[in-house]
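K.L.:
sequence and computational prediction follow.
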Amino acid sequence: MIKNISVETPEFWGHGAMLLFSLCVSVSYILGALVANDIEPGAITAARFLIGAMVMGTILFFSKNLKKVDFKKPGRFFVLGLSIVIYFVLMFEALKTASSLSLAVVFTLTPFIALFFEYFLKKQVTFKGFLAISLGAIGAIWVIFEGNLKNFLAFKIGYGELLFFWGCVGHALYAILIPILNKGENAASQTLGTLSAGFLVLILIFTNDVLETNWLSLSPLIWITIIYLATIATAFTFFLIQFAAKRISASKVMAYTYAVPFWVALGEILINSRFPNSNIIFGGLIIAFALLMLISDNTKAKM
């Protein structure tokens, strides 16, 4: 059972922060789907990383937390940057052929992928946490293969969903590497280093896409998407995670990954009047149960 949480308790505000976090992430999928065919993935991601780095750098500068020592051994930032670049570029490429809802469901596989990496790193996880993460993965797989055993056995999966799966591998690897590659700098400095390195990686790999994009003629919607990704989906969500991590356990923080598809589904209903089919609803119920299991896990875990 989930214990009662008073509005006055830190846990209440921690859960509230992560609920808002999941909403902010879901909007990224919805906006991304609207502009995916109007700008190259490398170009929009490069713009997002550049503006995001400028925002984080400004925050660190005015808070007087910008320290040169935090950026020693810069090679590690390129490893982190490449990992998260894989996620974002493949997400926008996948949105060209897949719906925002289906990708949001694929994203719920991220905790299970991270669990796979953690196994080799010999990190401990509670049995309840393992069960919940596995259950969430089953719900996601149900949706991805449309609840059809033949599709699963034949590995019949959409191109966009398969592409984004590898993006989620990059995201999971990024999450695992954050504490390993941290050399004592605060999270904001590590985020700045990662965004800056990621921007340079994008410039090197997607030079033509960036140079050939007519930035002055981009539609207002594309610029709204870029600014949203750079500010709300980067700086603000960073604050929310840091805020929540001090008030609820790591398993509870991770649990809100499973809330993203529900916000996306709601957005699809409100914007496109597109209601989820029965397979998505059934898989969603499994994912919802996994979310409740993780939230109710009272095991204390370290971030």
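P.N.:
In hand now; what should we look at? Numbering: from 1, shown residues only.

K.L.:
where does the prediction get shaky in the stretch 51-200 of the chain?
P.N.:
119-126, 149, 152-155 (pLDDT under 70).

K.L.:
show me where it has helices.
P.N.:
For the stretch 51-200 of the chain, the helices defined by DSSP state H, counting those that start in this stretch occupy 75-94, 100-107, 110-120, 127-144, 149-153, 159-181, 187-205.

K.L.:
next: the stretch 201-303 of the chain.
P.N.:
So, for the stretch 201-303 of the chain - with DSSP H, counting those that start in this stretch - the helices run 207-212, 220-230, 237-245, 250-255, 260-272, 278-295.

K.L.:
going by mean pLDDT, which of those comes out lowest?
P.N.:
In terms of mean pLDDT, the lowest-scoring of the helices of the stretch 201-303 of the chain is helix 250-255 (a mean of 70).

K.L.:
please identify the deepest-packed of the helices of the stretch 51-200 of the chain.
P.N.:
Ranked by average neighbour count under the criterion mean count of other Cβ atoms under 10 Å, the helices of the stretch 51-200 of the chain are headed by helix 100-107 at a mean of 27. C-beta coordinates here come from the backbone N, C-alpha and C atoms, glycine included.

K.L.:
and it, what does it pack onto?
P.N.:
helix 10-35, helix 127-144, helix 159-181, helix 260-272, helix 278-295 (3 or more Cβ pairs under 8 Å, 6 or more residues apart in numbering; DSSP states H and E).

K.L.:
may I see those helices organised as CSV, with distance to residue 68 added?
P.N.:
Shown next, in CSV, are the helices and strands packed on helix 100-107 (distance: least, Cβ to Cβ, whole Å):
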stretch, distance to residue 68
helix 10-35, 31
helix 127-144, 39
helix 159-181, 18
helix 260-272, 37
helix 278-295, 39
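
K.L.:
which one, of those helices, ends up nearest to residue 91?
P.N.:
helix 159-181 (5.3 Å; Cβ to Cβ).

K.L.:
now that closest one and helix 127-144, what's the angle there?
P.N.:
160 degrees (axes from the mean of the first three to the mean of the last three Cα atoms, to 10 degrees).

K.L.:
who's in contact with helix 159-181?
P.N.:
Helix 159-181 is touched from outside by 76-77, 79-80, 82-91, 93-98, 102-103, 106-107, 109-111, 113-114, 116-118, 121, 144, 190, 303, with contacts defined as Cβ atoms under 8 Å, 6 or more residues apart in numbering.
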